[in-house]
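> here are the coordinates; sequence isn't available:
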């Protein structure tokens, strides 16, 4: 993955656009690249898949989940009950509770203060199912502003064809880099 790289010293905000057919594979490729730096911790905001599913999927694909913390916005919403607490996961009651999600991000970033960290939002498209484009844009702007103030890197993952042009334009403006994964396997950096 010559065009996608991430190290502990990286402070960029990356908008990663993937075709839907290779979405999961591209997620794994990015996680592997991130984990090349053994000191880099990942905070995954999961709206697309529950944390338990992602953790198992990552492990099956050789990803060290001991270096991943999940902010899970889908499990409690999908099951209707509060899940048992987990050491590496904070649950948010529903994916459209952007205030609770913002508080969770702030709390977890404080917990890992001083550690090399990257926020990984999976995914913009799933958030659009539960929130309006305007609310989502405000939330992402808030998160990115917080990351910039704290000098922390971030990755916004999306399926390009699922975004309207106005939202895509706004996200591109917020990001430092745009990585587009083609239908094949090699990402293209713009």
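That came through, no problem. Since we're looking at a predicted model, the values are computed, not measured. Numbers count the residues shown, from 1 in each chain.
> center of the chain - which residue?
Residue closest to the average C-alpha location in the chain (CA atoms, centre = their mean): residue 121, at 1.7 Å.
> output the lowest mean pLDDT helix or strand found in the chain.
Least confident helix or strand of the chain, by mean pLDDT, DSSP states H and E, is strand 188-189 with a mean of 56.
> re earlier: helix or strand: which one has the residue nearest to the centre of the chain?
Assigned by DSSP states H and E, residue 121 belongs to strand 117-122.
> what about the helices in the chain?
For the chain, the helices defined by DSSP state H occupy 23-34, 51-60, 75-79, 98-111, 124-130, 133-150, 165-174.
> of all those, which lies closest to residue 43?
Residue 43 lies closest to helix 98-111 among the helices of the chain, at 5.6 Å (CB to CB). C-beta coordinates here come from the backbone N, C-alpha and C atoms, glycine included.
> which residues touch that closest one?
Residues external to helix 98-111 that are found in contact with it (CB atoms under 8 Å, 6 or more residues apart in numbering): 43, 45, 69, 71, 73, 90, 92-93, 95, 117, 119, 131, 135-136, 138-139, 142-143, 146, 150, 152.
> ok, the closest residue to residue 78 other than its chain neighbours - contacts?
Nearest-residue entry for residue 78: residue 50, 6.9 Å, with adjacent residues in sequence omitted and distances by CB to CB, 6 or more residues apart in numbering. Residues near residue 50 by CB under 8 Å, 6+ apart: 72, 74, 75, 78.
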